[in-house]
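**Q** Make a model of this:
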Amino acid sequence: MLRVALWCAVSSRPQADTDKASLPAQEAAGRQFAERIGGAVVVVYTVPGHTRDIVLWQDAEREMPAYRELREDCERRAFDVLHAVDMDRLGRHEALAYQVIGLVEKAGAEIYLASAPHTIGETGTAQRYIYAIAAARSQEDISRLRSRLDMGMRRRVSRGLPPHSWPYGYRRIRDDQGHTVGAEHDPDTAPAVRLITRLFLAGATYNDIARELERAGYPTRQGHRWDSGTVRRMLHSDTYAGFPHFGDTQAAEPSSHYEPFWDAATWAAVKRERRNRYRDHRRTKGCPLHKVAVCARCGSTMARYHKGRPYYYLRCGRRRTDVHGPSPCNHSVIREELVLAEIGNWLEQFITLADVLAYSGTDARTDLQQRMQDAAQRVDSLQQQRHRLALALAASKMDVDVYHNADASLRIQLDAAQEEYERLEVVWTATPEPGAQFTALTGLRDLFVAGALATDPLEMNERLRSAGIRVYVDGNKVVKITIE
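**A** Purely as a prediction, here's the structure:
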């Protein structure tokens with residue numbers, strides 16, 4: 001008698017008890033299959049909610065115990081046939097589904113898909129093609145569902161409704177059919193929203209607001225403690241002003257489905273306070289020489305410090321003992337204003353475009369372009385190799401374990417090649433044309449003449465980096481300045 005294992009999975013927990021693909025319905029279909037082939041059900045694996053972005057097996061085992069139980073039973077060879085409704089029930093991502101197939105077949109069992117039935121014991125090339133087609137179809141279904149979800153969220157926003165659940169401080173209003181038609185202020189939580197707004201406009205920090213909410217005893221939605229992140233997300237949501245948003249889509253007119261907490265004047269004040277806090281954060285945290293000044297010995301970025309002194313200074317980021325290397329870097333320390341003064345003196349030498357070209361060289365962009373082309377060809381070659389491997393597996397010309405090992409190696413190489421290409425793209429975008437570089441350098445020179453220390457640190461940093469300036473520090477002095 002064949003031992004049959006049933007795989008029952010849904011994509012979300014609400015589906016576990018509802019629609020035609022619910023867990024009970026899948027189990028009933030599996031038991032009918034076992035009875036039809038004269039087998040006996042020995043185990044039922046239940047996945048009450050798939051996470052769609054899971055690809056790696058260890059992640060699946062951690063999130064869903066059914067995958068761990070399946071692996072353990074395969075190691076014991078506890079069943080002969082694994083029944084599933086469709087390919088996408090084995091894994092919402094085709095890579096995870098193929099790992100299930102490989103695991104089961106390695107244990108000497110076989111997969112039976114109700115959506116693509118076959119005769120037990122006759123799994124061959126045709127069945128592998130069916131698996132491949134089913135996996136591709138599952139991915140198309142998932143992509144289509146994601147697209148429909150995205151469109152649905154955007155349509156909700158265009159109608160003046162929030163894309164997901166109603167934000168804190170509201171409770172939904174339903175019609176006679178139970179459909180949500182709007183929301184109203186929740187008398188239990190609305191005072192907390194008004195308190196958050198008042199404290200924010202009065203200058204309280206996010207942490208101070210969270211502490212005040214805890215002291216006042218207002219509950220959070222999940223029953224947890226208030227924290228600065230929750231407060232910040234609420235204050236950066238324009239839904240409270242009557243303008244729901246989803247991604248880059250925002251309602252064009254104030255919503256008529258609910259009463260906003262912020263009127264036009266309050267909303268303007270909130271947006272102004274957001275900008276001021278962001279600007280203040282960047283100004284206090286910004287370093288004009290970030291990724292411009294580096295240690296001449298180890299190449300590490302010089303970090304900015306204050307420590308109560310009336311000035312800022314820079315020191316090597318690897319000043320402490322490097323536990324991964326044979327020796328520590330030197331203790332390079334220099335005052336920030338001295339580095340800026342050296343840059344100002346150095347800029348005076350760039351008078352003509354010819355000077356810039358002679359100093360920076362014109363072959364750098366050509367070389368970078370060639371490296372980008374090589375990286376793109378590498379990515380294309382690896383993708384073709386993965387495609388040929390998949391075809392060989394589908395045609396039963398390759399062992400499943402060999403395929404998985406080879407494909408895993410190619411995926412690692414492909415990820416590295418794609419990261420290299422993306423890195424080169426960033427460098428290419430940030431590399432200015434010689435003419436633009438000359439304009440940036442002359443503009444910088446004029447800025448230093450006017451007074452570099454009075455310039456906003458973030459603006460100075462952007463100007464220095466756009467000009468391609470790199471400063472090398474050794475000990476307590478600048479030893480070299482280059483254009484890169």
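
**Q** And the strands in the stretch 51-200 of the chain?
**A** 81-84, 110-113, 170-174, 180-185 (DSSP state E, counting those that start in this stretch).

**Q** Which among the ones you listed is found nearest to residue 462?
**A** Residue 462 lies closest, by CB to CB, to one member of the strands of the stretch 51-200 of the chain: strand 170-174, at 40.7 Å. Yep, even glycine has a C-beta here, placed from its N, CA and C like the rest.

**Q** Residue 215: helix or strand, and which one exactly?
**A** Assigned by DSSP states H and E, residue 215 belongs to helix 206-216.

**Q** looking at the strands of the stretch 51-200 of the chain, which is buried most?
**A** strand 81-84 (a mean of 25; mean count of other CB atoms under 10 Å).

**Q** roughly how far out does that strand sit from the chain middle?
**A** Strand 81-84 sits 35 Å away from the centroid of its parent chain (CA atoms, centre = their mean, to the nearest Å).

**Q** I'd like to know which elements it is packed against.
**A** Counting contacts by 3 or more CB pairs under 8 Å, 6 or more residues apart in numbering; DSSP states H and E, strand 81-84 packs against strand 3-9, helix 23-36, strand 110-113.

**Q** Now do the domain split for the protein, please.
**A** In the domain annotation for the chain, the residue ranges read 3-149, 186-284, 302-367+418-483 (automatic domain parsing).

**Q** which of these sits most buried?
**A** Most buried among the domains of the chain, counting by mean count of other CB under 10 Å: domain 3-149, with a mean of 17.

**Q** now that one, how far from the centre of its chain.
**A** 28 Å.

**Q** same question for that domain, mean pLDDT?
**A** When pLDDT is averaged along domain 3-149, the result is 78.

**Q** ok, which stretches of the stretch 51-200 of the chain are helices?
**A** 57-63, 65-76, 87-90, 94-106, 125-158, 190-201 (DSSP state H, counting those that start in this stretch).

**Q** Can you add distance to residue 113 and give those back as CSV?
**A** Output for these, formatted as CSV (distance: least, CB to CB, whole Å):
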stretch, distance to residue 113
helix 57-63, 19
helix 65-76, 16
helix 87-90, 6
helix 94-106, 10
helix 125-158, 6
helix 190-201, 50
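
**Q** Can you tell me which helices and strands the helix holding residue 215 packs against?
**A** Where contact means 3+ CB pairs under 8 Å, 6+ apart, helix 206-216 is packed against helix 190-201, helix 228-235.

**Q** how far does that helix sit from the chain's center?
**A** The gap between where helix 206-216 is centred and where its chain is centred comes out at 30 Å by CA atoms, centre = their mean.

**Q** Could you tell me the average pLDDT over it, please?
**A** 90.

**Q** can you give me the angle that helix makes with helix 190-201?
**A** Here the directions of helix 206-216 and helix 190-201 differ by 150 degrees (axes from the mean of the first three to the mean of the last three CA atoms, to 10 degrees).

**Q** Helix 206-216 to helix 228-235, inter-axis angle?
**A** Using the same axes, to 10 degrees: helix 206-216 against helix 228-235 is 100 degrees.

**Q** Run through who's touching helix 206-216.
**A** Helix 206-216 has contacts (CB atoms under 8 Å, 6 or more residues apart in numbering) with 192, 195-196, 199-200, 204, 225-232, 235.

**Q** Could you dump the helices and strands packed on strand 81-84 into CSV and include distance to residue 161?
**A** Putting the helices and strands packed on strand 81-84 into CSV (distance: least, CB to CB, whole Å) gives the following:
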stretch, distance to residue 161
strand 3-9, 31
helix 23-36, 31
strand 110-113, 39
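
**Q** on that earlier part again, among the domains of the chain, single out whichever gets nearest to residue 395.
**A** Judged by CB to CB, the one of these that comes nearest to residue 395 is domain 3-149, at 6.1 Å.

**Q** just checking, residue 339 touches residue 293?
**A** Yes: between residue 339 and residue 293 there is a contact at 5.7 Å, judged by CB atoms under 8 Å.
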